[in-house]
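A.B. asks: Dropping the sequence and predicted coords here.
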Amino acid sequence: MTGTRFDGERSPGRDLLVALLARNWWAIGLRGVLAIVFGLIALFLPGATMLSLVIVFAIYAFVDGVFGVVSAVRAAQAGERWGLLVTEGLVNIAVAVIAVLWPGITVLAFVLLVAVWAILTGALELAAAFRLGTEDGRWWLVVGGLVSLVYGALLVVAPMIGAVVLTWWLGAYALIFGVALVVLAFKLKARLDERQRA
């Protein structure tokens, strides 16, 4: 096809992007280091990580609620409907206050939401599995459905353990992502050093 380039070919746009990234290799490395630090905190201090995520959520909900109320006031001044906007804004502000005053409830609600999702997903997968033939991979869908049901049930039975496990998964993701960024940063720095010598 026209305009398609293979991996071995260079293009001016690609060279420009590589040069830009190479010049800012330290920023990519810093992002990686911060992700690694966050990942380690999430793995070794899951309680603190959960609490910080609740606080970030509370700040978001509060700001969103304030903007909702402001939008309602502007809509009222313009003679438009404003009732739903002010209700949404006040609900968001109330949720933010609850999240700050009772962070455990916020974590519990999130874990229970994941549990409900897992149970519904598992039930739907099992229902779909019985519409497939054995040659179409029915048993794999049955296994997936059962795993989802068991996972959801475990979250309902022990929600705080579920919250810790979710935090560990987040930490593992951040750690792997951070390492990948640090490796990329050093490769870009090596490319920049190579170009400066040439």
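C.D. replies: Structure received.
A.B. asks: who are the neighbours in contact with the most centrally placed residue in the chain?
C.D. replies: By CA atoms, centre = their mean, the chain has its centre lying nearest to residue 170, at 8.1 Å. Residues in contact with residue 170 (CB atoms under 8 Å, 6 or more residues apart in numbering) are 42, 49. For glycine as for every other residue, the C-beta is placed from the backbone atoms N, C-alpha and C.
A.B. asks: how close does it sit to residue 43?
C.D. replies: Residue 170 is 9 Å from residue 43, where distance means CB to CB, to the nearest Å.
A.B. asks: and what of residue 84?
C.D. replies: 42 Å.
A.B. asks: Residue 180 now?
C.D. replies: Taking CB to CB as the measure, residue 180 falls 17 Å from residue 43.
A.B. asks: So for stretch 56-72, what gets flagged as buried?
C.D. replies: When burial is assessed from 16 or more other CB atoms under 10 Å, stretch 56-72 yields the following buried residues: 57-58, 61-62, 65, 68-69, 71-72.
A.B. asks: Keep only those of those residues that are in helices.
C.D. replies: Of those, the ones assigned to helices by DSSP state H are 57-58, 61-62, 65, 68-69, 71-72.
A.B. asks: who's more crowded, residue 180 and residue 43?
C.D. replies: With neighbours defined as other CB atoms under 10 Å, residue 180 and residue 43 compare such that residue 43 has more, 17 against 12.
A.B. asks: That one: which element?
C.D. replies: Element membership for residue 43 (DSSP states H and E) is helix 25-44.
A.B. asks: what about that helix, distance to the chain center?
C.D. replies: The chain centroid and the centroid of helix 25-44 are separated by 16 Å under CA atoms, centre = their mean, to the nearest Å.
A.B. asks: got the contact list for it?
C.D. replies: By CB under 8 Å, 6+ apart, the list of residues contacting helix 25-44 from outside reads 21, 48-49, 167-168, 170-186, 188-189, 192.
A.B. asks: Selecting buried members of the residues you listed in PyMOL, what would you type?
C.D. replies: Selection of buried members from those for PyMOL, criterion 16+ other CB under 10 Å:
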select buried, resi 21+49+167+168+170+171+174+175+177+178+181+182+184+185+188+189+192
